[in-house]
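Colleague: Quick one, structure for this:
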Amino acid sequence: MTTKILIIGACGQIGTELTTQLRLQYGVENVVASDIRKLNNDIVNTGIFEVVNALDYNQIEHLIEKYQITDVYLMAALLSATAEKNPAFAWDLNMNSLFHVLNLAKAGKIKKIFWPSSIAVFGPTTPRENTPQYTIMEPTTVYGISKQTGERWCEYYHHQYGVDVRSIRYPGLISWTSEPGGGTTDYAVDIYHKALEDGKYECFLRDDSKLPMMYMEDAIRATIEIMQADAANIKIRSSYNLAGISFTPAEIAAEIAKHIPDFTISYKPDFRQKIADSWPASIDDTSARTDWGWNHRYDLASMTQVMLENLRK
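Modeller: Model prediction:
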């Protein structure tokens, strides 16, 4: 049976690159991109695109039936910093969009779901270094609370109804192709833009705020690999820890300075500092590496080189 894919939230930071990669692997005709609004971009202009509200069950069901969808990637969400400004809507979007897709799978209308979780599920009481797969989770942001709750529901739907749902806890994601989406780790994208434009950057986190990060290409590969893995190898149905690299603003600034010697950084922590302080500094992702063969390819040096090269173009 041909895999037919629907991406909900295809115009977001992750969705953009995920859509491109899925079209390359599965064929443009087998990947339907969708989002709340129709932008004039490559995702919309180079394949099938539908406007859909992730909170409208009937719209999603209609697309699934229209295109005979087998796999849904639910990427629509309000991210950490944005969600704090509108907690009620963040909860509504992040939770009810998930319920719609889980219920469509429960009804047998789709075969497989990918739903992203986040390091935001952890909180200030979580061990910060090498955060284990199973540990204390007391998130302090509405984004983290919604992701932790979503993990519980994913596992519940799998055990109770046999729904094949797969998830990974994304660290901060860094990409040159799309703008930041309102997350606490966005500084690590913005810093490259400002380094090239202005030669300086004012960081909204302290110099020593170490956070788990990943180059987007690795994250997209992980997303597709977990969906392509044999179901028997997916032992965790809440969400897998996923790790790439961990660094501080001072460390990324030092790496950029190797390429742009005059680059300077200053620090003016804002409300996002409190969010960053509640998150892990590094992640233990042994389960993902053992169960379905995950392995990251980019470190800070190689990521910085690729980011600057592509942004210069």
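
Colleague: so where's the stretch 151-300 of the chain shaky on pLDDT?
Modeller: Scanning the stretch 151-300 of the chain for pLDDT under 70 picks out nothing.

Colleague: Was I right to think residue 186 contacts residue 81?
Modeller: Yes: applying Cβ atoms under 8 Å as the test, residue 186 and residue 81 come out as touching, 7.4 Å apart. Using the backbone N, CA and C atoms, a C-beta is placed for each residue, glycine as well.

Colleague: who touches both of these two?
Modeller: Common neighbours of residue 186 and residue 81, using Cβ atoms under 8 Å, 6 or more residues apart in numbering, do not exist here.

Colleague: Now do the same for residue 113: helix, strand or coil?
Modeller: Following DSSP: H, G, I helix; E, B strand; the rest coil, residue 113 is assigned to strand.

Colleague: Show me the helices in the stretch 1-150 of the chain, by range?
Modeller: Applying DSSP state H, counting those that start in this stretch to the stretch 1-150 of the chain gives helices spanning 13-26, 42-45, 57-67, 80-85, 87-106, 142-161.

Colleague: Run through the neighbouring helices and strands of the last one.
Modeller: Using 3 or more Cβ pairs under 8 Å, 6 or more residues apart in numbering; DSSP states H and E as the contact criterion, the elements in contact with helix 142-161 are helix 80-85, helix 87-106, strand 117-118, strand 165-166.

Colleague: Pipe the ones you listed into a markdown table and attach distance to residue 284 and mean neighbour count per row.
Modeller: Shown next, in a markdown table, are the helices and strands packed on helix 142-161 (distance: least, Cβ to Cβ, whole Å; neighbours: other Cβ atoms under 10 Å):
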| stretch | distance to residue 284 | mean neighbour count |
| --- | --- | --- |
| helix 80-85 | 22 | 20 |
| helix 87-106 | 25 | 19 |
| strand 117-118 | 16 | 26 |
| strand 165-166 | 19 | 26 |
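
Colleague: possible to save the ones you listed as a markdown table with distance to residue 293?
Modeller: Output for the helices and strands packed on helix 142-161, formatted as a markdown table (distance: least, Cβ to Cβ, whole Å):
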| stretch | distance to residue 293 |
| --- | --- |
| helix 80-85 | 29 |
| helix 87-106 | 25 |
| strand 117-118 | 20 |
| strand 165-166 | 14 |
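
Colleague: Can you tell me which of those is nearest to residue 21?
Modeller: Nearest to residue 21, of all those, is strand 165-166, at 16.4 Å by Cβ to Cβ.

Colleague: hang on, the earlier thing: out of the helices and strands packed on helix 142-161, flag the one nearest residue 20.
Modeller: Across the helices and strands packed on helix 142-161, closest to residue 20 is strand 165-166 (Cβ to Cβ), at 20.3 Å.

Colleague: what residues does the closest one touch?
Modeller: Strand 165-166 is contacted from outside by 102, 105, 112-115, 154, 157-158, 226-227, 229, 234, 237, using Cβ under 8 Å, 6+ apart.

Colleague: buried set for stretch 55-68?
Modeller: 55, 57, 59, 60, 61, 63, 64, 67 (16 or more other Cβ atoms under 10 Å).
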